[in-house]
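**Student:** compute the structure for the input listed below.
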Amino acid sequence: MNSIKIRRKTDYPPLASVRPLDQLRERIRYKHYSLSTEKIYVYGMRAFVHFHKLRHPRAMGKPEVEAFLIGLVAERQVSASTHWQALSALLFLYGEVLSVELPWLDEVGRPWQVVLGHADVKTTMIYTHVLKVGGAGVRSPLDVL
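**Tutor:** Next comes the predicted model:
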């Protein structure tokens with residue numbers, strides 16, 4: 001019987017690069033991701049690091065990730081797909097490159113939910129899906145305050 005070996009994060013060869021950006025590229029290429037994915041992840045990491053005044057990603061945690069994701073939605077008004085790409089880039093950076101466990105990830109608020117001031121995800125879904133408009137076109141009851 002053939003057994004399939006699942007490659008764990010610890011099974012990866014050590015990274016030769018020293019700089020986090022080069023480490024990110026190295027790991028993406030090792031895993032044979034597409035060039036467009038590499039460009040998006042590198043752009044996301046650069047934006048994250050510059051958003052926090054060039055601090056090393058290893059020195060940052062939940063508050064910084066949450067502030068960055070909320071900043072994308074609130075200040076830069078990016079689309080939901082751009083937000084998810086940035087989140088995927090951060091997950092890859094922390095999980096695959098820096099090998100940092102993210103137990104706090106489930107606690108990170110969903111940006112549209114936070115911006116709209118909803119305590120429950122279902123409320124946000126009603127506003128964005130039932131009304132058939134994107135998050136940017138949704139008005140929250142809290143907007144009048």
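**Student:** please name the nearest non-neighbouring residue to A89.
**Tutor:** G44 (3.2 Å; C-beta to C-beta, 6 or more residues apart in numbering). (Each C-beta comes from the backbone N, C-alpha and C, glycine too.)
**Student:** so what's that neighbour up against?
**Tutor:** Neighbour list for G44: 85-86, 88-90 [criterion: C-beta atoms under 8 Å, 6 or more residues apart in numbering].
**Student:** only the buried residues of the helix or strand containing it, if you could.
**Tutor:** G44 is part of helix 35-51, with elements assigned from DSSP states H and E. By neighbour count on 16 or more other C-beta atoms under 10 Å, the buried set for helix 35-51 is 40-42, 44-45, 47-49, 51.
**Student:** for P57, which residues are in contact?
**Tutor:** 20, 45, 48-49, 93-94, 98.
**Student:** one step back: looking at the buried residues of helix 35-51, which is nearest R58?
**Tutor:** V49 (11.1 Å; C-beta to C-beta).
**Student:** circling back to that earlier point, now a PyMOL select for only the buried ones of the contacts of G44.
**Tutor:** This is the PyMOL syntax for the buried subset of those, where burial follows 16+ other C-beta under 10 Å:
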select buried, resi 85+86+89+90
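**Student:** tell me the one of the contacts of G44 nearest E75?
**Tutor:** E75 lies nearest to A86 out of the contacts of G44, by C-beta to C-beta, at 13.0 Å.
**Student:** the closest one and P14, how far apart?
**Tutor:** Between A86 and P14 the distance is 27 Å, computed by C-beta to C-beta, to the nearest Å.
**Student:** circling back: quick check, nearest of the contacts of P57 to Q77?
**Tutor:** Nearest to Q77 among these, with distances taken as C-beta to C-beta, is F48, at 17.5 Å.
**Student:** as a check, name the ranges of all helices in this structure.
**Tutor:** Counting by DSSP state H, the chain has helices at residues 20-30, 35-51, 62-74, 80-92, 111-116, 121-125.
**Student:** okay, the angle between the helix holding G44 and helix 80-92?
**Tutor:** Using axes from the mean of the first three to the mean of the last three C-alpha atoms, to 10 degrees, the direction of helix 35-51 lies 80 degrees away from that of helix 80-92.
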